[in-house]
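K.L.:
Next come a sequence and a model predicted from it.
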Amino acid sequence: MRWHYLGHAMWLLELGSDRTRILFDPLLTDVHDAGLSTLVPTREVMRERLAPDFIIVSHRHPDHFDVDSLAWLAAADPQTVVLTSDPMVAQVCGKLGFRSVSVLGAWDRVELEGGALLTTPSYGSSVEWGVAAMSVDGLVWNHIDSVLGSPEQIQRSLEVLRGASGQAVHLHLARWCPVLEVAPQLGGRLGFPRGSYGQLLDGLALLGREEPTALAPAAVSVVPRAPFDGLGRNTFPVTLRRFRRDLEALAPEIQQLDVGVGDVVCVHQGSVTLEERASPLAKAVEASALPLFVPFEVVELTDPQPSVQACERREEPLREIREWLENRLVPRLRELSCGAPPWQLPLVLCLDLRSCEPCGSDDGDCSTPGSLDSGVQGWTLTLGAAGCGIRAGLDADYDQLVAVTLSGLTGVLSGRSSWGELLLSGQLRCSDRAFRVCEGELRRVAWLPALFVYACPGYEESFEAATWGRVAELLDAGSRMS
Ligand SMILES: [Fe+2]
């Protein structure tokens, strides 16, 4: 079998003597996720040459599930069979025109001419899996973004794979870096995450201790784009060179491969070889590296919309936001808090709204743009047993403080953007102190969403709305072209 590396988590596998073509997590352009993210190194994908028989969409994260890429592939060949872990991804693929779409769970097997695919479980919180591919050539386990789990869970997965294919795993395609893309936004720890990196290394080393194997690092290539690129300085705590050195020290028996975009990894009779720049399907354009890890400061939260424009348009969005707070968010929070034990209330929730940043500093006009709370950029909700009060300003003793840009929030409320987009671009941040002493210990208020604004719309709900919006745009553009 031949694995063409096309960048990030995108691979094209040619399997069996019939060379069945299986495309993993297609991302045809570097820039993706509503223009917020891109890939390093930059690359060119020869999309006309991909011609997949199968497309795998491992999970719904935007760097794996790219609606624009799937729309192009569906138009190119609607007969391509799509396999995914996520029913919503399946629905979208059907809508984009793919005739055959299947949702698979963990340990589902797909028989192919001259080989098979087997999905592998993920022990994290997302709906996702990894995929093992097997043929007479060998057995390859593409972890994708799946969480391999405890040593016992890893050993169990290897056992099942051995049982299913009658051979050891010859090659692992592995995520190699703990990516801290939202830690600063959530008031999390800055700096080198010794614990999670140690765990990741131990897990990968165990793969080599169980059986002789090779490993190719992959799926860590997404960086934020300007004007949010500064966030990248907090995101990648380990360089590839450092990872290689550490894994070599821990598990010298693992054959490490240095796979670049456009290389082909060939697995034949159980031996693994690398053919550099042998793929006609993609090539690296610019050998840019991941951003240097400088976890000393967090970029300031500012609205990316030009100040003047944002100021002129401020009055209307502010009214909408106030309306959302009073008529949608508060009623939903009250619903969620129903039956909350008395020790959890009252709860103080603050929304800090960041609009055009020099507001009011240059010309006094701008600081009071006729808003409902003139000059105020934030509100405090006090949720008690009897009701919810809203007042202007931020309470120093908040339980949760959520900061968000004005244009970002209006994007989510209108269904154009998702909370996830805002979080990844640093336009949404949270400091959570929703803890109370109960029965002698500090406990979190369990019913409160991770960010209280997720009460309405929900995190996934906002993602689905924005995704369906993009699907409608693409279908509309497609039908106007034809
Ligand atoms: Fe992911």
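P.N.:
Sure, I can see it. Just so it is clear, the model here is predicted, and its values are computed rather than measured.

K.L.:
Can you report how many residues lie near the residue in the stretch 101-250 of the chain that the ion sits nearest to?
P.N.:
For the stretch 101-250 of the chain and the ion, the shortest gap (Cβ to the ion) falls at residue 145, measuring 3.6 Å. Backbone N, C-alpha and C define where each C-beta goes, glycine included. Counted with other Cβ atoms under 10 Å, the neighbours of residue 145 add up to 21.

K.L.:
Over to the one 4 residues further on?
P.N.:
Here the number of neighbours of residue 149 (other Cβ under 10 Å) works out to 16.

K.L.:
quick one: secondary structure of the residue nearest to it when sequence neighbours are not counted?
P.N.:
Spatially, and ignoring its direct neighbours in sequence, residue 149 is nearest to residue 123 (3.5 Å; Cβ to Cβ, 6 or more residues apart in numbering). Assigned by DSSP: H, G, I helix; E, B strand; the rest coil, the conformation of residue 123 is coil.

K.L.:
Show the pLDDT at the closest residue to the ion within the stretch 251-400 of the chain.
P.N.:
Across the stretch 251-400 of the chain, the shortest distance to the ion (Cβ to the ion) belongs to residue 290, at 16.5 Å. In this prediction, residue 290 carries a pLDDT score of 95.

K.L.:
cool, and residue 434?
P.N.:
The predicted local confidence for residue 434 comes out at a pLDDT of 97.

K.L.:
pretty sure it contacts residue 347?
P.N.:
Yes - applying Cβ atoms under 8 Å, one finds residue 434 in contact with residue 347, separated by 6.6 Å.

K.L.:
Can you pull the residues that touch both of those two?
P.N.:
A shared contact of residue 434 and residue 347, defined by Cβ atoms under 8 Å, 6 or more residues apart in numbering, is any residue touching both; here these are 399-400, 445, 448.

K.L.:
quick check: mean pLDDT across the lengthiest helix in the chain?
P.N.:
Under DSSP state H, the helix in the chain containing the largest number of residues is helix 459-481. Averaging the model's pLDDT scores along helix 459-481 yields 95.

K.L.:
Can you point out the buried residues in it?
P.N.:
Counting neighbours by 16 or more other Cβ atoms under 10 Å, one finds that the buried residues in helix 459-481 are 459, 462-471, 474.

K.L.:
again, but for stretch 246-265
P.N.:
Of the residues in stretch 246-265, those buried under the neighbour-count criterion (16+ other Cβ under 10 Å) are 246-247, 250-251, 254-257, 259, 261-265.

K.L.:
what do you get for stretch 27-46?
P.N.:
Under the neighbour-count criterion of 16+ other Cβ under 10 Å, stretch 27-46 has 27-28, 30, 32-34, 36-43, 45 buried.

K.L.:
quick one, what contacts residue 38?
P.N.:
Shown here is residue 38, whose contacts under the criterion Cβ under 8 Å, 6+ apart are 30-32, 222-223, 225.

K.L.:
Redo these as a markdown table? Include secondary structure, distance to residue 296 and pLDDT.
P.N.:
Written out in a markdown table, the entries for those read as follows (DSSP: H, G, I helix; E, B strand; the rest coil; distance: Cβ to Cβ, whole Å; pLDDT from 0 to 100):
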| residue | secondary structure | distance to residue 296 | pLDDT |
| --- | --- | --- | --- |
| 30 | coil | 28 | 98 |
| 31 | coil | 28 | 98 |
| 32 | strand | 29 | 97 |
| 222 | strand | 22 | 97 |
| 223 | strand | 19 | 97 |
| 225 | coil | 22 | 95 |
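
K.L.:
Quick check: pLDDT value at residue 311.
P.N.:
On pLDDT, residue 311 comes in at 54.

K.L.:
In what element of secondary structure is residue 12 found?
P.N.:
Taking DSSP states H and E as the criterion, residue 12 maps to strand 11-15.

K.L.:
Pull up the pairing partners for that strand, direction included.
P.N.:
strand 2-5 (antiparallel), strand 20-24 (antiparallel) (DSSP bridges).

K.L.:
For residue 13, which of those strands is the nearest?
P.N.:
Relative to residue 13, the nearest member of those by Cβ to Cβ is strand 20-24, separated by 4.4 Å.

K.L.:
next helix or strand past that closest one?
P.N.:
Per DSSP H and E, the first helix or strand lying C-terminal to strand 20-24 is strand 37-39.

K.L.:
So what are the sheet partners of the helix or strand following that next one and their directions?
P.N.:
The element immediately downstream of strand 37-39 (helix or strand, assigned by DSSP H and E) is strand 42-45. In the sheet containing strand 42-45, the strands it pairs with under DSSP bridges are strand 282-286 (antiparallel).

K.L.:
For the partner strand, give the mean pLDDT please.
P.N.:
Per-residue pLDDT values over strand 282-286 give a mean of 95.

K.L.:
Likewise for stretch 348-361?
P.N.:
Stretch 348-361 shows an average pLDDT of 74 in the prediction.

K.L.:
Check stretch 182-196 too.
P.N.:
Averaging pLDDT along stretch 182-196 gives 95.

K.L.:
Can I get that stretch in CSV, CA atoms only?
P.N.:
Extracted C-alpha coordinates of stretch 182-196, given in CSV (Å, rounded to 0.1, in the frame of the first residue of the first chain):
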residue,chain,number,x,y,z
VAL,A,182,-7.6,27.5,23.2
ALA,A,183,-5.8,27.3,26.6
PRO,A,184,-5.1,31.1,26.9
GLN,A,185,-8.6,32.0,25.7
LEU,A,186,-10.0,29.9,28.6
GLY,A,187,-7.7,31.3,31.2
GLY,A,188,-5.8,28.0,31.2
ARG,A,189,-2.2,27.4,31.9
LEU,A,190,0.4,29.0,29.7
GLY,A,191,3.7,27.3,29.2
PHE,A,192,5.1,23.9,28.5
PRO,A,193,2.4,21.2,29.3
ARG,A,194,4.8,18.7,30.9
GLY,A,195,1.9,16.4,31.9
SER,A,196,0.0,16.0,28.6
